[in-house]
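Participant: This is a predicted model, with the sequence first.
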Amino acid sequence: MSDNNNKTTTKTTTTTQHLHNSHQSGITWGFLNKTKTSGNFTINSNLPIPSHLKHNQFLINVKAIALNPVDYKLPSLATPISKLIKNRNFIGGSDFSGIIIASASHGASNTMNSHNQFAVGDEVLGIKVGPPNGAFQQFFSVTPNGGLFNNGGINVMVWKPKELTFEQAAALPTSLLTNYTAMSKIKDIDKCQIFINGASGGVGSFGILLAKYYYNAKKVLGTCSTKNLAYVSSLGCDHVIDYTKIEQQLNNNSNNAESKNVVKNNNNNNSWNSWKVTIEQYVKPEEFKELIILDYVGNYDMLKFALKNKTKSFISIIPDQRSISLTLKYISLIYWNRLLFKLNLSKTDSRLITMKMDSEKLQELVNWLVKNNLQNRVKLNVYPYLDSFYEAMDQLATHRAVGKIIVNMKEKQV
């Protein structure tokens, strides 16, 4: 475990007795306005505050939450399960920062491990995904680093360094652990060139910082739109590729409506070659064997480029979602090639990963970020009140948000 001498403790007089029979506000799945993404959510001000903590549980007063794409994609699914959850006031979300205001008991049982104890007043950050509920609420009970069958669900919780604001802290958990999960799969990463697709987003932004300064990759490349080139470069990206120019080039080569529609849906057999031509400006073909592609957007043509040109690895966190057909092609190609790779019939190691919930690594990365004064590099889009959640969620759904979207959990005074 990394040194935690810089953790912050806040004096608090709040007790479970004081909160008994009180209510809080949280964001539940619902149906307000189906024309917008935010219509899948309802700010509910009549949710109960946990009054009875079970063994090893803490009560958290949430100060800030971060939004991730999965937060709006899950409730938008038209499935019987999602409809059932919506009818039961399910609370979503994952990333949070806050203060421990109560514990089930004081002593060695309330520990992160045998050498590190959480205490009332500690400022913390982490991930809470349940079951039964997630982090989008002002108060919740949590079992630090619990599993699926622990009281409080699947959680990761670590100390917040005093140098971080609550908004900065909430931005870290999923972004840092996702990048760690991806990059920990790479052997000899310091000898590799890392290419991040989606470099201006939350995960991508932190990915550049980790690849460049934590893993010391040989070279870091990234993609973004024209307006974000300077931002991505400021993160430490050695070469920034404007993906809009590639799209424009493809459209210029399409002289009729039918061809343009093919390009729009990324089914053009030549579009993967456009990526090859662009990437070759920065990576020599003979260096493709040391090229690692981290696809944080989901791009079928980039996957085809990687396999056809025998890059070292292709690691994805999400399939191409522009159509059902592309989603299925993307997933099947990754797993088929993965099988070929294990049989030594493919040069590219392709993976579709899920985030590893590792509390010790998260604490290490958070402390490293602060020690190297990198916490201010990533842009935060901070919404100052819980009431602005709808606006924040609609911004996330545009797929054009730069950096992380954060919502402060305090309510606006009328």
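Facilitator: Structure's in. What do you need?

Participant: rest of the way, CA atoms for contacts and neighbours
Facilitator: Noted.

Participant: in the stretch 251-400 of the chain, which spans are helices?
Facilitator: For the stretch 251-400 of the chain, the helices defined by DSSP state H, counting those that start in this stretch occupy 257-264, 271-279, 300-308, 324-342, 359-371, 389-396.

Participant: Most tightly packed of the ones you listed?
Facilitator: Among the helices of the stretch 251-400 of the chain, helix 300-308 has the highest mean neighbour count (mean count of other C-alpha atoms under 10 Å), at a mean of 21.

Participant: Return the alpha-carbon coordinates of it using CSV.
Facilitator: Extracted in CSV, the C-alpha atoms of helix 300-308 (Å, rounded to 0.1, in the frame of the first residue of the first chain):
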residue,chain,number,x,y,z
TYR,A,300,-14.3,-1.4,-36.1
ASP,A,301,-12.0,0.0,-38.8
MET,A,302,-9.2,0.6,-36.3
LEU,A,303,-9.6,-3.0,-35.1
LYS,A,304,-9.2,-4.2,-38.7
PHE,A,305,-6.2,-1.9,-39.2
ALA,A,306,-4.5,-3.5,-36.1
LEU,A,307,-5.1,-7.0,-37.3
LYS,A,308,-4.2,-6.5,-40.9
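
Participant: which residues are contacting that helix?
Facilitator: Contact with helix 300-308 is made by 266, 271-273, 275-276, 293, 313-314, 319-320, 326, 329-330, 334, 347-348, as judged by C-alpha atoms under 8 Å, 6 or more residues apart in numbering.

Participant: same deal with stretch 197-212?
Facilitator: 174-176, 178-179, 183, 194, 196, 216-217, 219-220, 222-224, 228, 231-232, 235-237, 293-297, 374, 378, 401-404.

Participant: Wait, residue 98 touches residue 64, no?
Facilitator: Yes: at 6.8 Å, residue 98 and residue 64 qualify as touching, with contact defined as C-alpha atoms under 8 Å.

Participant: which residues do the two both contact?
Facilitator: Jointly contacting residue 98 and residue 64 under the rule C-alpha under 8 Å, 6+ apart are residue 166.

Participant: which of the two has more neighbours?
Facilitator: Neighbour totals were compared for residue 98 and residue 64, and residue 64 leads with 31 against 27 (other C-alpha atoms under 10 Å).

Participant: what sits against the nearest residue in space to the more buried one that is not next to it in sequence?
Facilitator: Counting by C-alpha to C-alpha, 6 or more residues apart in numbering, the nearest residue to residue 64 once its immediate chain neighbours are dropped is residue 408, at 4.5 Å. Residues counted as contacts of residue 408 (C-alpha under 8 Å, 6+ apart) are 63, 64, 65, 167, 382, 383, 384, 385, 386.

Participant: And residue 408, how far from residue 362?
Facilitator: Distance of residue 408 to residue 362, computed by C-alpha to C-alpha, to the nearest Å: 22 Å.

Participant: What of residue 351?
Facilitator: Counting by C-alpha to C-alpha, the gap from residue 351 to residue 362 is 22 Å.

Participant: next one: residue 143
Facilitator: To residue 362, residue 143 is 16 Å away according to C-alpha to C-alpha.

Participant: next one: residue 355
Facilitator: From residue 355 to residue 362 the distance is 12 Å (C-alpha to C-alpha).

Participant: shared neighbours, these two?
Facilitator: Joint contacts of residue 355 and residue 362 (C-alpha under 8 Å, 6+ apart) are residue 177.

Participant: where are the low-confidence patches of the stretch 101-250 of the chain?
Facilitator: 105-116, 131, 146-153, 247-250 (pLDDT under 70).

Participant: Show me the strands in the stretch 101-250 of the chain, by range?
Facilitator: With strands called from DSSP state E, counting those that start in this stretch, the stretch 101-250 of the chain shows them at 111-113, 116-117, 123-128, 139-142, 155-159, 193-197, 219-224, 239-242.

Participant: Give the helix, strand or coil label for residue 407.
Facilitator: Here residue 407 is strand, with the state taken from DSSP: H, G, I helix; E, B strand; the rest coil.

Participant: Excluding chain neighbours, what is closest to it?
Facilitator: Leaving aside its chain neighbours, residue 407 sits nearest to residue 383 (4.7 Å; criterion: C-alpha to C-alpha, 6+ apart).

Participant: Run a quick neighbour tally on the one you found.
Facilitator: Neighbour count of residue 383, defined by other C-alpha under 10 Å: 18.

Participant: pretty sure it contacts residue 390?
Facilitator: No: in this structure residue 383 lies outside contact range of residue 390 using C-alpha under 8 Å: 10.0 Å.

Participant: Which strand residues bridge residue 201?
Facilitator: Under the criterion DSSP bridges, residue 201 forms beta bridges with residue 403.

Participant: Tell me how far it lies from residue 221.
Facilitator: Remark: distance between residue 201 and residue 221 (C-alpha to C-alpha) = 14 Å.

Participant: So which of those two has more stuff around it?
Facilitator: residue 221 (27 against 24).

Participant: Could you give the separation of stretch 127-139 from the chain centroid?
Facilitator: Centroid separation for stretch 127-139 versus its chain: 16 Å, with C-alpha atoms, centre = their mean, to the nearest Å.

Participant: ends of it, how far apart?
Facilitator: Stretch 127-139 has its terminal residues 14 Å apart, counting by C-alpha to C-alpha.

Participant: going forward, begin numbering at 59 instead of 1
Facilitator: Will do, 59 is the new start, and the previous item becomes stretch 185-197.

Participant: can you pull the buried residues of it?
Facilitator: 185, 186, 187, 188, 189, 191, 192, 193, 194, 195, 196, 197 (16 or more other C-alpha atoms under 10 Å).

Participant: likewise stretch 345-352?
Facilitator: Applying a neighbour-count criterion of 16+ other C-alpha under 10 Å, one finds 346, 347, 348, 349, 350, 351, 352 buried in stretch 345-352.

Participant: First-to-last residue distance for stretch 199-218?
Facilitator: Stretch 199-218 has an end-to-end distance of 18 Å (C-alpha to C-alpha).

Participant: Same check on stretch 240-249?
Facilitator: For stretch 240-249, the first-to-last residue distance is 16 Å (C-alpha to C-alpha).

Participant: which residues are in contact with that stretch?
Facilitator: If you take C-alpha under 8 Å, 6+ apart as the criterion, stretch 240-249 is touched by 269, 273, 274, 275, 276, 348, 352, 371, 373, 411.

Participant: between those, which is nearest residue 149?
Facilitator: Of all the contacts of stretch 240-249, residue 149 sits closest to residue 411, with 24.8 Å by C-alpha to C-alpha.

Participant: Give me the neighbour count for the closest one.
Facilitator: Under the criterion other C-alpha under 10 Å, the count of neighbours that residue 411 has is 14.

Participant: I am finished for the moment; much appreciated.
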